[in-house]
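> Predicted coordinates and the sequence they were generated for:
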Amino acid sequence: MRKIVVSLIASAALVLSGCANPPIESFDGNWLLTSATDAQGTWVDGAAGATLVTIEDDHISGQICNNWGGDIEITGSTVVVSSLYSTKMACDKPGGIMDREMRFLDDLSLVTSIELVDGQLRLTGDAVTLEFVAGE
């Protein structure tokens, strides 16, 4: 009888622990950049306007000044962003937007980890943290 009770308790603990942190099925969707930190320091994207990033299957894309995109491979919490490309328009407003776009794409190419923390998408890598909230 004692073995049965212990087995039931152990089984219930396993079931409940699985409910506490359900696995993330997909990072697909629209994400709005809220902050970024890299070797140059922390910057918030508000000055450049809304930077909306879309992750769909194995593709990541968005627009700052130029339309850009690339491949994204997610395995567990590991992420690889590769084959980044962008259009070649020149934008002068708001001031510095081209520098912010290049900085964002450089940072994006350095990420190696992906996670959801309190509803925010967080991409991190060597001296890089990009944080997003769900977008429309």
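Noted; the coordinates are in hand. Numbers count the residues shown, from 1 in each chain.

> in this structure, which spans are helices?
Applying DSSP state H to the chain gives helices spanning 2-20, 97-108.

> and those, which one is worst for confidence?
For the helices of the chain, mean pLDDT drops lowest on helix 2-20, to a mean of 46.

> Look at the closest residue to residue 64 other than its chain neighbours and say how many residues are nearby.
Nearest residue to residue 64, sequence neighbours excluded (C-beta to C-beta, 6 or more residues apart in numbering): residue 101, at 4.0 Å. All C-beta spots, glycine's among them, are computed from the backbone N, C-alpha and C. For residue 101, the count of nearby residues is 20 (other C-beta atoms under 10 Å).

> do the same with the one 5 residues further on
Applying other C-beta under 10 Å, we find 14 other residues in the vicinity of residue 106.

> Repeat that for residue 91.
14.

> and what of the one 5 residues further on?
Residue 96 has 13 neighbouring residues, counting by other C-beta under 10 Å.

> and if you look at residue 102?
14.

> which residues sit in contact with the nearest residue to residue 43 once chain neighbours are set aside?
Once flanking residues are discounted, residue 43 sits nearest to residue 36: 5.5 Å by C-beta to C-beta, 6+ apart. Contacts for residue 36 (C-beta atoms under 8 Å, 6 or more residues apart in numbering) come out as 42-45, 103-104, 107, 128-131.

> Per-residue pLDDT of residue 36, please?
pLDDT for residue 36: 90.

> Look up how far residue 88 lies from it.
Residue 36 is 23 Å from residue 88, where distance means C-beta to C-beta, to the nearest Å.

> ditto for residue 57
In terms of C-beta to C-beta, residue 57 sits 26 Å off from residue 88.

> cool, residue 74 as well?
Where residue 88 is concerned, residue 74 sits at a distance of 28 Å (C-beta to C-beta).
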